[in-house]
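*Asks:* Sequence first, predicted model second:
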Amino acid sequence: MSSKEQILAAVKKNKPDATGLPEHLSYPKEEINQLIEHFQQASLLNGGKTIVIKRLEEISSYLQVHFDKKLQIVSLIPELKGSLDITTILDPHDLEAVELAVLKGTWAVAENAAIWMPEENLAHRALPFIAQHLAVVIESRHLVRDMHAVYEKIKVDDPGYGVFIAGPSKTADIEQSLVIGAHGPRSMTVFLLSE
Amino acid sequence: MAVYKTHAAAADEFLKDEERTHWHDDTLWHVRTKRDTAAQKLPEWEVLRENASQIKEYVLSHLDELLVQFEKNATANGIEVLWAKNAQEHNEHVYRIFQENKVKNLVKSKSILTEECGLNHFLEEKGYDVVDTDLGERIIQFNDQVPSHIVMPAIHLKKKEIGDIFHKHLGTDAGADDPQYLTEAARIHLREKFIQANAAITGVNFGIAETGGFVVCTNEGNADMGTHLADVHIACMGIEKLIPRAADLGVYLRLLARSATGQSITNYTSHFHRPSAGKKMYLILVDNGRTEQLGREDFRNSLKCIRCGACMNTCPIYRRSSGFSYGSTVPGPIGSILSPGIDLKKHSTLPFASTLCGSCSDVCPVKINIHEQLYKWRQVITKEGDAQPAKKWSMKLAGKVLGSPAWYNFMGKSARTALKITPASLIYTKLNAWGKKRDLPEVPKESFKEWYKKNRK
């Protein structure tokens, strides 16, 4: 008998009597202002920063102040020009010097500031991790209350890879002291586009 | 016959440094309070726990069907699924994959399962340099230790000690112990390793039967840094980590990080379904005693565990004895009900390393009745004759005394007299573990019963 057959036979023999699955949980929607407020609070706790904007142009002026244009900036937002053309990069190892990646998020969760990023939004799976800094643009109409609601919106296996990103790379492994910038982004800025 | 160190004996070593014991206790209690704050923010917390427990109940009772469904869907997604009966088979799968893909450099993110299987040791013997990339795991790897906590592997070390370790291994300034500075040094060191790696090993937090994919949670982003740069990704998963539906993730992700550290979610929650073009993804399904535990009616619920570590942070024994005193891969209360199932003789003192206060069960996000299982293991162990002799005889005596009012009255009276006239050196002996680090209360002149008789008029 193969290991698979042995394991399955042992499970079959030892498993308890069948029980049923509970219904999926869902909770009432919240007002948009409340969603935005909760998102901002959660993002801050995760070590990130949220900037509410009315127009996409506000992003470029913000980035101009906060980032050195001479460094590699990748933007996957059509309205926003970066300094490195991502289509020239074929091997993700060549992303090592990227200073800032500006990406689009699909859905955002107010309770924990997690933003769903399917791989079509990333160009390379490694990009949001290897970049020194990360910025994500999300529209406020794509904000939902909680994780139950977001899993109703997305289909997890549509992309070969998808990730909820809720803040910058962080660790507290040295005496529980929070340090931002473990291996990946040293900051995460969320631009929340609100009508 | 092998002689195993008891939990109490192992804890003794940790307790020698009283200041460290208090620091450890306070640090973990702080994490516990953060968990409370996070849980109390959600009015639906108890509903979530109940739901999570029911889903896992379903998983355990349909595990064979779900495993088959998971394998079918994962295979269709282009993931190569392998099965391992035990640790040895798991390790050999990894080694074979390495050989087939000519892997030279590997990075590994946190996986308690690979600790359980002794993978690092196995690969090192084959000549590989295993690079653990979770900061806490890298620290203890440098220090030649195993994790003392499943979520915070280096929680037993102080920053001064970590500074010394980094000075030795990474060339940081002697005496430097600033966490920011040390983390930066590790960042530079590990980013180089990520760039060089051709294989990445990760654990699995959740396998989704319905879609044939899996989820990995980290705060550092180290699992993703590794897997997206390397050509080969090997994910190691215990068979009990399955969930039936993608939407069930909503429940578990709301509970996991809040229970673990009081965060609302880990900063990265990665969903893997298909390898990138030209790359390979493997998933190893490991039994290693899990199907046996499934057959133990009283203990099978321990397989619901999602490895948040909340039961460790809250446990008065764990906090004051540290993870190493348990001598098992998973320490603390949950480890004390899982480990006897793997090796009853080796872990026979663990179920006794508890006050049975029940706090572990109260904080468990999937409602495992941990303290009841600890109590049940005690009965099994005593029946099998593996209890410590002093404990066994004192329990037998206590049973006799507590079972008879005449004996109880007589013994109470004798004890009050005896304790008064017995020299302290006789009370605080090796036979009386409770005498260590504790003073007995002053002996009252009379029992409550005697006092009541006199005063009831």
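*Replies:* Looks like it arrived, so ask away. Residues are numbered from 1 along each chain as shown, chains lettered A, B, ... in the order given.
*Asks:* and the next element down the chain from the helix or strand where B:Val59 lies?
*Replies:* B:Val59 is part of helix B:45-61, with elements assigned from DSSP states H and E. Where DSSP H and E defines the elements, the next helix or strand beyond helix B:45-61 is helix B:63-76.
*Asks:* ok, residues contacting that next one?
*Replies:* With C-beta atoms under 8 Å, 6 or more residues apart in numbering or on different chains as the test, helix B:63-76 has contacts from A:4, A:7-8, A:11-12, A:15, B:59, B:81, B:207-214, B:239-240, B:242, B:244, B:283, B:285, B:294. C-beta coordinates here come from the backbone N, C-alpha and C atoms, glycine included.
*Asks:* Do any residues in the next helix or strand after that helix lie close to chain A?
*Replies:* Helices and strands here follow DSSP H and E; after helix B:63-76, the next one along the chain is strand B:80-84. Yes - using C-beta under 8 Å from any C-beta of the partner chain, strand B:80-84 reaches chain A at B:Trp83, B:Ala84.
*Asks:* same question, stretch B:180-187
*Replies:* Yes - counting by C-beta under 8 Å from any C-beta, contacts between stretch B:180-187 and chain A involve B:Gln180, B:Leu182, B:Thr183, B:Glu184, B:Ala186, B:Arg187.
*Asks:* ok, which stretches of chain B are strands?
*Replies:* For chain B, the strands defined by DSSP state E cover B:80-84, B:106-108, B:130-132, B:199-202, B:206-208, B:213-218, B:232-238, B:242-243, B:268-272, B:280-286.
*Asks:* The stretch 251-400 of chain B against chain A: which residues are in contact?
*Replies:* B:251, B:253-254, B:261, B:263-276, B:285, B:287, B:291-292, B:294-295, B:297, B:300.
*Asks:* filter those residues to the buried ones?
*Replies:* B:251, B:253-254, B:261, B:263-276, B:285, B:287, B:291, B:294, B:300 (16 or more other C-beta atoms under 10 Å in any protein chain shown).
*Asks:* looking at chain A, which helix or strand is least sure?
*Replies:* Across the helices and strands of chain A, mean confidence by mean pLDDT, DSSP states H and E is lowest for helix A:57-66: a mean of 93.
*Asks:* what comes up buried for that helix?
*Replies:* Applying a neighbour-count criterion of 16+ other C-beta under 10 Å, one finds A:Ile59, A:Leu63 buried in helix A:57-66.
*Asks:* gap between it and the chain center?
*Replies:* 21 Å (C-alpha atoms, centre = their mean, to the nearest Å).
*Asks:* okay, whichever helix or strand comes after it in CSV with CA atoms only?
*Replies:* As assigned by DSSP H and E, the chain's next helix or strand after helix A:57-66 is strand A:72-75. Taking Å, rounded to 0.1, in the frame of the first residue of the first chain, the C-alpha atoms of strand A:72-75 are listed here in CSV:
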residue,chain,number,x,y,z
GLN,A,72,14.0,53.2,-9.2
ILE,A,73,10.3,53.7,-8.9
VAL,A,74,7.9,51.2,-10.4
SER,A,75,4.3,52.3,-11.0
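*Asks:* now the strands for chain A?
*Replies:* A:49-53, A:72-75, A:98-104, A:107-109, A:115-118, A:133-139, A:143-144, A:161-165, A:170-171, A:179-180, A:188-193.
*Asks:* could you flag which of the contacts of helix B:63-76 are buried?
*Replies:* With neighbours counted by 16+ other C-beta under 10 Å, the contacts of helix B:63-76 contain buried members at A:4, A:7-8, A:11, A:15, B:59, B:81, B:207-214, B:239-240, B:242, B:244, B:283, B:285, B:294.
*Asks:* Is stretch A:32-49 positioned near chain B?
*Replies:* Yes - using C-beta under 8 Å from any C-beta, we find that stretch A:32-49 touches chain B at A:Ala42, A:Leu45, A:Asn46, A:Gly47.
*Asks:* Skip the chain neighbours and tell me the closest residue to the first one.
*Replies:* Take A:Ala42 and drop its neighbours on the chain: the residue closest to it by C-beta to C-beta, 6 or more residues apart in numbering or on different chains is A:Ala113, 3.9 Å away.
*Asks:* got the phi/psi numbers for that neighbour?
*Replies:* Here is the backbone geometry of A:Ala113 (degrees, to the nearest 10): phi 60, psi 20.
*Asks:* and residue 37, what pLDDT?
*Replies:* This is for chain A. For A:Glu37, the model assigns a pLDDT of 97.
*Asks:* try chain B instead
*Replies:* 98.
*Asks:* now B:Lys437
*Replies:* Model confidence at B:Lys437, given as pLDDT, is 66.
*Asks:* cool, and the one 10 residues further on?
*Replies:* Taken from the predicted model, the pLDDT recorded for B:Ser447 is 87.
*Asks:* from memory it sits against B:Gly412, does it?
*Replies:* Yes - the pair B:Ser447 / B:Gly412 is scored as a contact, 5.2 Å apart, by C-beta atoms under 8 Å.
*Asks:* what sits against the residue lying closest to B:Thr27 once chain neighbours are set aside?
*Replies:* Leaving aside its chain neighbours, B:Thr27 sits nearest to A:Gln176 (5.9 Å; criterion: C-beta to C-beta, 6+ apart). Applying C-beta under 8 Å, 6+ apart, we find A:Gln176 in contact with B:Thr27, B:His30, B:Val31, B:Met152, B:Ile155.
*Asks:* Point me to the residue sitting closest to the centre of the chain.
*Replies:* Unless you meant another one, I'm taking chain A. Note on chain A: the residue nearest the mean C-alpha position is A:Ile165, at 2.4 Å, using C-alpha atoms, centre = their mean.
*Asks:* ah, I was thinking of chain B
*Replies:* For chain B, B:Val330 is the residue whose C-alpha lies nearest the centre (C-alpha atoms, centre = their mean; 3.2 Å).
*Asks:* Looks like it contacts B:Pro340 (just checking).
*Replies:* No - shown here, B:Val330 and B:Pro340 do not form a contact pair, counting by C-beta under 8 Å, at 11.7 Å.
*Asks:* Give me the contacts around stretch B:257-265.
*Replies:* Contacts for stretch B:257-265 (C-beta under 8 Å, 6+ apart): A:42, A:45-46, A:109, A:111-114, A:147, A:164, A:166, A:172, B:31, B:33-39, B:42, B:151, B:217, B:219, B:253-254, B:266, B:308-310, B:363-365.
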